[in-house]
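Colleague: Here is my input; please provide its structure:
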Amino acid sequence: MTAEKICVGAIGGSYGVRGELRIKSFCSVPEDIESYSPLATENGSRMFHLALVRPIKNGFVARIIEVSTKEEADALKGTQLFATRDQLPSLPDDEYYHTDLIGLEVLDTGGTLLGQIKTVLDHGAGDLLEVQRPTSSETVLLPFTLAAVPTVDLAAGRIIADPPDGLF
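Modeller: Residues are numbered from 1 along each chain as shown. Predicted coordinates:
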């Protein structure tokens, strides 16, 4: 995935028999996914003009102009939907797109390398950074709070962490 594309949702499959789809939004305001239309596949080979119909459990029912049958909708199950960075709103200084954090080095306050961010997990109570330890397959979950991560420096490609005692 290039840094210019950000995954904003995914197609969960068909909904009904008239080509409607189940959409899961990854946006902080889930309904905003509609305003980023047209959305593309990861490789950019297909574009989708999305219109939300109604909310359902864990997502939305949506129509995509390019899809008119249940079979076409079923064929798109699992497709991730990407928006370009310029379609998305700019963020305040203390907020970040998850895609921008993945791959950053994690240093402690003394400058010791703790690892690299493998993924960002959101379980509802707050984000966790999955940090892969250097020269190991072991990962550690670091709370993404101001206390545990006082500095994020995207330009330098690193974050400074002050992890709770015993975490690393």
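Colleague: just the helices in this structure please.
Modeller: Taking DSSP state H as the test, the helices found in the chain are 70-75, 98-101.
Colleague: mind giving me TSV with the ones you listed and columns for distance to residue 25, mean pLDDT and mean neighbour count?
Modeller: All C-beta atoms are positioned from the backbone trio N, CA, C, and that covers glycine. Listed next are the helices of the chain as TSV, based on distance: least, CB to CB, whole Å; pLDDT from 0 to 100; neighbours: other CB atoms under 10 Å:
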stretch	distance to residue 25	mean pLDDT	mean neighbour count
helix 70-75	17	94	16
helix 98-101	14	88	17
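Colleague: Could you export those to a markdown table, including columns for distance to residue 148?
Modeller: Shown next, in a markdown table, are those (distance: least, CB to CB, whole Å):
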| stretch | distance to residue 148 |
| --- | --- |
| helix 70-75 | 42 |
| helix 98-101 | 14 |
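Colleague: how much space between residue 27 and residue 67?
Modeller: Counting by CB to CB, to the nearest Å, the gap from residue 27 to residue 67 is 21 Å.
Colleague: Same drill for those two, tell me which one is more crowded.
Modeller: Neighbour tally, residue 27 and residue 67, criterion other CB atoms under 10 Å: the higher count belongs to residue 67, 23 against 17.
Colleague: Do I have it right that the more buried one meets residue 79?
Modeller: No - with contact defined as CB atoms under 8 Å, residue 67 does not count as touching residue 79 (10.6 Å).
Colleague: Which residue ranges of the protein form strands?
Modeller: Taking DSSP state E as the criterion, the chain carries its strands at 5-14, 21-25, 39-40, 47-48, 50-56, 59-64, 80-84, 105-108, 113-122, 127-132, 139-143, 151-153, 158-161.
Colleague: any chance of those in CSV, plus mean pLDDT and distance to residue 73?
Modeller: Shown next, in CSV, are those (pLDDT from 0 to 100; distance: least, CB to CB, whole Å):
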stretch, mean pLDDT, distance to residue 73
strand 5-14, 92, 4
strand 21-25, 95, 5
strand 39-40, 94, 15
strand 47-48, 93, 11
strand 50-56, 94, 13
strand 59-64, 95, 8
strand 80-84, 93, 14
strand 105-108, 95, 41
strand 113-122, 93, 27
strand 127-132, 94, 32
strand 139-143, 95, 36
strand 151-153, 93, 39
strand 158-161, 95, 40
